[in-house]
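Participant: predicted structure and sequence below. I'll ask about it afterward.
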Amino acid sequence: MTGYGVIDVQGNKNFHVAHGTIRTETEAFPLRLGKIFAGITEVIQTWQPQEVSIEEVFVAKNAASALKLGQARGAAICAAVQAGCPVFEYTAKLIKQSVVGKGAAEKHQVQHMVKIMLNLHQDMPHDASDGLAIALTHAHLHATQKRLQGGTSW
């Protein structure tokens, strides 16, 4: 399952636009990659984001899982690039630090903070809240970078 989140950034405020998951569990791996590509393409066509952010591959103990995750990321990145969207990548640790305040946060903590930051009250799958967390991380880091480049004081 691949999660996504779409936010609207207006000044220093972030607003929820959409979130969801692209389900691929029942199909052969090449078909899953195609479904991810098609699903991200549809998300981009529907909500017309200006930029796309994605989590970098985390390599732990299972190399085979990391390779499959890398291929899934590749499908998502290709969909964004084909649509003309710049792609930004962030580590899981940085995403957790940005949203929760600590890089070792649990998934439920990330989900809780995403709901608070976007004033959401409904339950959502962890993959969807991860997608929103990545979008929020990009929004925060991009805004900070703009302020630093523009010389705007805080």
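Facilitator: Received the coordinates, thanks. Residues are numbered from 1 along each chain as shown.
Participant: and residue 44, that's in a helix?
Facilitator: Yes - using DSSP: H, G, I helix; E, B strand; the rest coil, the assignment for residue 44 is a helix.
Participant: and the gap between it and residue 87?
Facilitator: Noted for residue 44: a distance of 11 Å to residue 87, by C-beta to C-beta, to the nearest Å. Backbone N, C-alpha and C define where each C-beta goes, glycine included.
Participant: the two: which is more packed in?
Facilitator: Shown here are residue 44 and residue 87; by other C-beta atoms under 10 Å, residue 44 has more neighbours (19 against 15).
Participant: could you check the pLDDT of the more buried one?
Facilitator: What the model reports as pLDDT for residue 44 is 98.
Participant: contacts for the lowest-mean-pLDDT helix or strand in the chain?
Facilitator: Taking mean pLDDT, DSSP states H and E as the measure, the chain has helix 126-150 as its least confident helix or strand, at a mean of 91. Here helix 126-150 makes contact (C-beta atoms under 8 Å, 6 or more residues apart in numbering) with 1-7, 9, 12, 14, 16, 19-21, 51, 53-55, 88, 90, 94-96, 98-99, 107-108, 110-111, 113-115, 117-118, 152, 154.
Participant: just stretch 55-63 next, same as before
Facilitator: 66, 69, 70, 73, 89, 90, 91, 92, 95, 130, 134.
Participant: these in strands, which ones?
Facilitator: 89, 90 (DSSP state E).
Participant: most neighbours among the contacts of stretch 55-63, which one is it?
Facilitator: residue 134 (28 neighbours).
Participant: for that one, which non-adjacent residue is closest in space?
Facilitator: Closest residue to residue 134 apart from its sequence neighbours, by C-beta to C-beta, 6 or more residues apart in numbering: residue 53 at 4.9 Å.
Participant: alpha carbons only: can I get the host helix or strand of the one you found in CSV?
Facilitator: Per DSSP states H and E: residue 53 is located in strand 52-55. Below are the C-alpha coordinates for strand 52-55, written out as CSV (Å, rounded to 0.1, in the frame of the first residue of the first chain):
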residue,chain,number,x,y,z
VAL,A,52,6.1,16.4,-5.0
SER,A,53,7.9,15.1,-1.9
ILE,A,54,8.7,11.5,-1.2
GLU,A,55,10.4,9.5,1.6
